[in-house]
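>>> got a structure for you, letters missing:
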């Protein structure tokens, strides 16, 4: 018996696959190199920087220290963390409440209408977030559109100080991030097997029960993705609180920006980012855990 | 020069720790229509992939035309595959699809022209050369897939359940067409299916597979009338299984005891006294008599009709024998037969035509 | 569709579009600070056209966008194809990395790249911007192309290999002709992301290479100006065109 070009492994002859590998190796090396250099390495640098110190001449210097992390236990920073969490959490909740019915209705439509509606939803999504935030200023400022209309209608006699307040920041955040909640929801709700809903109704469940026991659990992955895609940027897009909240609002994003470009305290800024990334990882783990469990429990 | 176009010697395949194929040995001859038959999960598609070169066996060797195919990539094997979904290139016309293989080999233009035209003529698709696959019917798409594969003049054509997505009538037509095509081309066809009727009607030989093993290799008749074991017998067609014990053993005839009754059976395997065996009878070989038609019922089984299934050309009777065993009998409509109607609850006598039974050793 | 659904959808759409509509309307208002309508005027657009600084910034952004989108399209497209076709060591890691990149907040990416460029001593300017933009565009191209490639019959590649095609032939004769709409859609998405990016560019840009979003940001911080209205209206119209083009492309059946 000829063996050709067999290999020998674990006491047996076997046939190794020969592949035409050039294109594959070439393209894989490029992507790995690029990501290693411009994604992995930079993240690693942040982690390292968070343990460094800084002085007058150098942005980053030895000695290694835990001080950056201990500084964060200061109330100032804790308050900012708390505020950011609260604001981002509230924003996520509002986006969820507003976005879920929106996504649900669109997912029910027939093909042509759905394509048009999706197009109309993608347009604001692709429009520069800066432009959209700016357009909000025009509406919300003291001499802005909303105040003018309300005055004109006689509902109020003095302009409401909407701009440069937490309310304005919230409106701005929701305005910018609502599409990020809607898209994962649409993708998820579209995949909902309507036969399950029909089966539940057939068996006698009313609308509320059907929603809470069937639809809600099955669309949970979409809800979670949407929440993550809204919550994280809500904490870190610094120009929204900057433009709409004035100097009053200091969220996590502003804090990090401040440390890096104003206070020139790179190690502290890095430490804040690392803590924030840990939050991201926790959220992802929650998401991953819940979708894995769900996958085992789906009927389909 | 060997007459075997393909030989598998002790081929095994393990994927993710699971044994998909176990120590297979098979010889496939030039120009035959061979079918790999088995239920899903028996390993037939994996075997096809090993032959075509998309995967390599964990142990063992595959010989193509006498040469070891170890490490040989798919396109150098002179073996081509027709996939279940046809895998036609949607952005190319029929002509371009069929010419693809030749273009990859960088054949001269006029040679390609000639060969594509010839091949399209063989599959009767000359008029559709400039159409895209989406504009063709299922049967036509399949012919394009076959044309694309045979234009390279392979030694073997592998077909992975090509008819399973077609409706009943189209399937029947395509079965005949494929058989005729194979004869015309003279190429070895290895056909994979789980439909035993299809396997029996089209093949020169059938390979019955079960859980990674080859249970039997034989002509359709051999596999149907002389199954090697119980799994083959029950997979192909329906069969009634009676447990029996050998009572007396002579040269040509053996007497066995089934439920207390004595029967004479012909057996192709050697038997010993008191050996436990299975006696298998196909439904069409069972004879069912109405109670009053029979005078001597010593060697018949008593039963009550439980279900009557009318099938157009035949009637299936499901009868519960006195020992609680359920048997199925198929009767062909015979105008001479007085008794054309059976009713649930009728008392009947069941027997079979001597010589039509099959004997297998007892399996637990 | 039922009435409550229609009215709900309409109100949300109004929420999305009214601010921008207001913006566009006021870009034609012949008044500097008043909100009262003073008459239709092209004035602000004319002033916009005369502002050379803005033009330079716009040109820079255009150049950056085109370069970044093109490179990201090539790298991301190839990555998507490999992820689909091959099972290689580290495949799961690669897709996890791309997933994390999409989710990563821009600010973290911005500061991490700032750290990198300081470390490798790349001066902040065009090159740092380009490298940063390519990096954040790649995951979006991967997702766009990958979702398109999964709609193809998986056996097509095997059939092609069976018939004798090399990997290069498969790439040029089968993958690209079938997937080019997804590649272009990925390019358009990357281009838009690059043109609009504020957060990452904020950290990695330098004084010598002005880009449009940062210029707008500094202008906006000083307050509302009608020129900005005009500029935003133009950019919005551009985005509209790009979105429609990209969606029409993705609609094409292979």
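It's in. Everything numeric in this text was worked out from a predicted model, so none of it was measured.
>>> assign residue B:289 to helix, strand or coil.
Secondary structure assignment for residue B:289 (DSSP: H, G, I helix; E, B strand; the rest coil): strand.
>>> just checking, it touches residue B:301?
No. Because the distance of 10.6 Å does not satisfy C-beta atoms under 8 Å, residue B:289 is recorded as not touching residue B:301. The C-beta positions use only the backbone N, C-alpha and C, and glycine is treated the same way.
>>> now the common contact residues for those two.
Here residue B:289 and residue B:301 have B:349, B:350, B:351 as joint contacts, going by C-beta atoms under 8 Å, 6 or more residues apart in numbering or on different chains.
>>> let me know the closest of those to chain A.
residue B:350 (44.3 Å; C-beta to the nearest C-beta).
>>> separation between that closest one and residue B:294?
Per C-beta to C-beta, to the nearest Å, residue B:350 is found 10 Å from residue B:294.
>>> now swap in residue A:149 and tell me
Relative to residue B:294, residue A:149 is positioned 100 Å away (criterion: C-beta to C-beta).
>>> cool, residue A:77 as well?
In this view, residue A:77 and residue B:294 are 100 Å apart by C-beta to C-beta.
>>> between the two, tell me which one has more neighbours.
residue A:77 (17 against 12; other C-beta atoms under 10 Å in any protein chain shown).
>>> confirm that the more buried one sits in a helix.
Yes. With three-state DSSP as the criterion, residue A:77 is assigned to a helix.
>>> circling back: more neighbours: which of residue B:289 and residue B:301?
A count of neighbours by other C-beta under 10 Å puts residue B:301 above the other of residue B:289 and residue B:301, at 23 against 14.
>>> my read: the more buried one touches residue B:350, true?
Yes. Using C-beta under 8 Å as the test, residue B:301 is close enough to residue B:350 to be in contact (4.6 Å).
>>> what pLDDT does the residue minimising distance to the centre of chain A get?
With distances taken as C-alpha atoms, centre = their mean, the residue of chain A nearest its centroid is residue A:229 (2.4 Å). The model reports residue A:229 with a pLDDT of 89.
>>> same thing with residue B:32?
Looking at residue B:32, its pLDDT reads 93.
>>> so what's it up against?
Going by C-beta under 8 Å, 6+ apart, residue B:32 touches B:188, B:189, B:204, B:205.
>>> out of the residues you listed, who's the most crowded?
Within these, most neighbours by other C-beta under 10 Å means residue B:189, with 25 neighbours.
>>> helix, strand, or coil at residue C:206?
When classified by three-state DSSP, residue C:206 comes out as coil.
>>> circling back: and for residue B:301 and residue B:350, which residues touch both?
Taking C-beta under 8 Å, 6+ apart as the contact criterion, the common neighbours of residue B:301 and residue B:350 are residue B:321.
>>> what do residue B:350 and residue B:294 both touch?
With contacts defined as C-beta under 8 Å, 6+ apart, the residues shared by residue B:350 and residue B:294 are residue B:300.
>>> which residue, other than its chain neighbours, is closest to the residue of the stretch 101-250 of chain B found nearest chain A?
In the stretch 101-250 of chain B, no residue comes nearer to chain A than residue B:104, which is 12.1 Å away by C-beta to the nearest C-beta. Nearest non-adjacent residue to residue B:104, counting by C-beta to C-beta, 6 or more residues apart in numbering or on different chains: residue C:164, 3.9 Å away.
>>> these two touch, right, the one you found and residue B:99?
No. Under the criterion of C-beta under 8 Å, residue C:164 lies out of contact with residue B:99, with a separation of 12.0 Å.
>>> settle it for me: which of these two has more neighbours?
When neighbours are counted by other C-beta under 10 Å, residue B:99 comes out ahead of the other of residue C:164 and residue B:99, with 23 against 20.
>>> and the helix or strand harbouring that one, what does it pack onto?
Residue B:99 belongs to helix B:94-104 when assigned by DSSP states H and E. Contact analysis of helix B:94-104 by 3 or more C-beta pairs under 8 Å, 6 or more residues apart in numbering or on different chains; DSSP states H and E lists helix B:109-122, helix B:138-150 as its packing neighbours.
>>> do you know which of those helices lies nearest residue B:129?
With C-beta to C-beta, the closest approach to residue B:129 among the helices and strands packed on helix B:94-104 belongs to helix B:109-122: 6.0 Å.
>>> give the buried residues for that closest one.
Within helix B:109-122, the residues that qualify as buried are B:112, B:115, B:116, B:119, B:120, B:122, counting by 16 or more other C-beta atoms under 10 Å in any protein chain shown.
>>> check stretch B:40-58 too.
Along stretch B:40-58, these residues count as buried under the neighbour rule (16+ other C-beta under 10 Å): B:42-58.
>>> near chain A at all, it?
Yes. Where contact is defined by C-beta under 8 Å from any C-beta of the partner chain, part of stretch B:40-58 touches chain A, namely B:55, B:56, B:57, B:58.
>>> can I get those residues in TSV with distance to residue C:238, pLDDT and secondary structure?
Output for the residues of stretch B:40-58 next to chain A, formatted as TSV (distance: C-beta to C-beta, whole Å; pLDDT from 0 to 100; DSSP: H, G, I helix; E, B strand; the rest coil):
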residue	distance to residue C:238	pLDDT	secondary structure
B:55	51	88	coil
B:56	54	88	coil
B:57	58	89	coil
B:58	58	89	coil
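>>> now do the domain split for the chain, please.
No chain in the question, so chain A it is. Per automatic domain parsing, the structural domains of chain A span A:7-49, A:68-297.
>>> try chain C instead
C:1-41, C:51-251.
>>> let me know which of the ones you listed is tucked in deepest.
Using mean count of other C-beta atoms under 10 Å in any protein chain shown, the stretch among the domains of chain C with the largest mean neighbour count is domain C:51-251, at a mean of 19.
>>> before we move on, the earlier item: tabulate the residues of stretch B:40-58 next to chain A (TSV), appending distance to chain C.
Formatted as TSV, the residues of stretch B:40-58 next to chain A follow (distance: C-beta to the nearest C-beta, whole Å):
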residue	distance to chain C
B:55	11
B:56	14
B:57	18
B:58	17
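>>> any idea which of those residues is closest to residue B:9?
Closest approach between the residues of stretch B:40-58 next to chain A and residue B:9, by C-beta to C-beta: residue B:57, at 9.7 Å.
>>> that closest one reaches residue B:12, doesn't it?
Yes. Counting by C-beta under 8 Å, a contact exists between residue B:57 and residue B:12, whose distance comes to 6.4 Å.
>>> between those two, which contacts overlap?
residue B:21.
>>> touching chain A at all, stretch C:103-121?
Yes. Stretch C:103-121 lies in contact with chain A when judged by C-beta under 8 Å from any C-beta; the contacting residues are C:103-109, C:111-116, C:118-119.
>>> what about the residue lying closest to residue B:178 once chain neighbours are set aside, neighbour count?
With C-beta to C-beta, 6+ apart as the measure, residue B:202 is the residue that lies nearest to residue B:178, at 6.8 Å, once sequence neighbours are left out. Here the neighbour count serves as a burial measure; for residue B:202 (other C-beta under 10 Å) it reads 23.
>>> got it, and the one 5 residues further on?
Taking other C-beta under 10 Å as the criterion, the count of residues near residue B:207 is 24.
>>> alongside chain A, which residues does chain B contribute?
In this structure, chain B approaches chain A at residues B:9, B:55-59, B:61, B:67-73, judged by C-beta under 8 Å from any C-beta.
>>> OK, contacts around residue 209?
Picking chain A for this. Contacts for residue A:209 were tallied using C-beta under 8 Å, 6+ apart; they are residue A:200.
>>> try again with chain C
C:60, C:125, C:126, C:129 are the contacts of residue C:209 under C-beta under 8 Å, 6+ apart.
>>> could you report the neighbour count for residue B:187?
Neighbours of residue B:187 (other C-beta under 10 Å): 21.
>>> show me how far the helix or strand hosting residue A:221 is from its chain's centre.
When secondary structure is defined by DSSP H and E, residue A:221 falls within helix A:220-236. In terms of C-alpha atoms, centre = their mean, to the nearest Å, the gap separating the centre of helix A:220-236 from the centre of its chain is 5 Å.
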